[in-house]
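Q: Turn this into a model:
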Amino acid sequence: MRQVVASLRPDRTWARISAAGAVAVAVSFLWTSLPVRWPFSMCPLRAVTGIPCPLCGLTTSFVALSHGRFHQAFAANPLGPLLYAGSLMGLIVWIAWGRRRSSQLIISGRWVTTLALVATGASWIFQLHRFAWI
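A: From the prediction side, this is the model:
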């Protein structure tokens, strides 16, 4: 089995992951809880084809989670709460552990790829059902 070794140096990988997660969570806290209707779809795939992508609803999900509306977050995109929790955990791990020392995380490349593909596929099926495509 092929192993992928990702170096978790605080100045690189964890810092980038943590920064992206922190920005996403911070923006979702600052985002207004009032319903906003955009005159266009923010998703390029949906704007061009009308077909929702697997990530449709993530902004709504993050904002709902930040405002304590868990049911709405799961209804918008079930992948949202998982990514939100992962963002928070990544930030906490980087602050508590990653800044002190460099470390290595050994991840099986196949498992990560398989998990990402299954999650993306499940999210896309959910979105297609949600927008009445299937």
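
Q: which helix in this protein runs the most residues?
A: Determined from DSSP state H, the single longest helix within the chain is helix 109-130.

Q: Would you indicate which residues of it are buried?
A: Across helix 109-130, burial judged by 16 or more other C-beta atoms under 10 Å covers 123, 124, 126, 127, 128. The way it works is simple: take the backbone N, C-alpha and C, and place the C-beta from them, glycine included.

Q: what helices or strands is it leaning on?
A: When contacts are defined as 3 or more C-beta pairs under 8 Å, 6 or more residues apart in numbering; DSSP states H and E, helix 109-130 packs onto strand 3-8, helix 79-93.

Q: If I average pLDDT within each of the ones you listed, which one is lowest?
A: Per-stretch mean pLDDT for the helices and strands packed on helix 109-130 is lowest at strand 3-8 (a mean of 48).

Q: Check which element follows that one along the chain.
A: helix 13-30 (DSSP states H and E).

Q: model confidence over that following helix, on average?
A: 75.

Q: Could you check the angle that helix makes with helix 79-93?
A: Relative orientation of helix 13-30 versus helix 79-93 (axes from the mean of the first three to the mean of the last three C-alpha atoms, to 10 degrees): 120 degrees.
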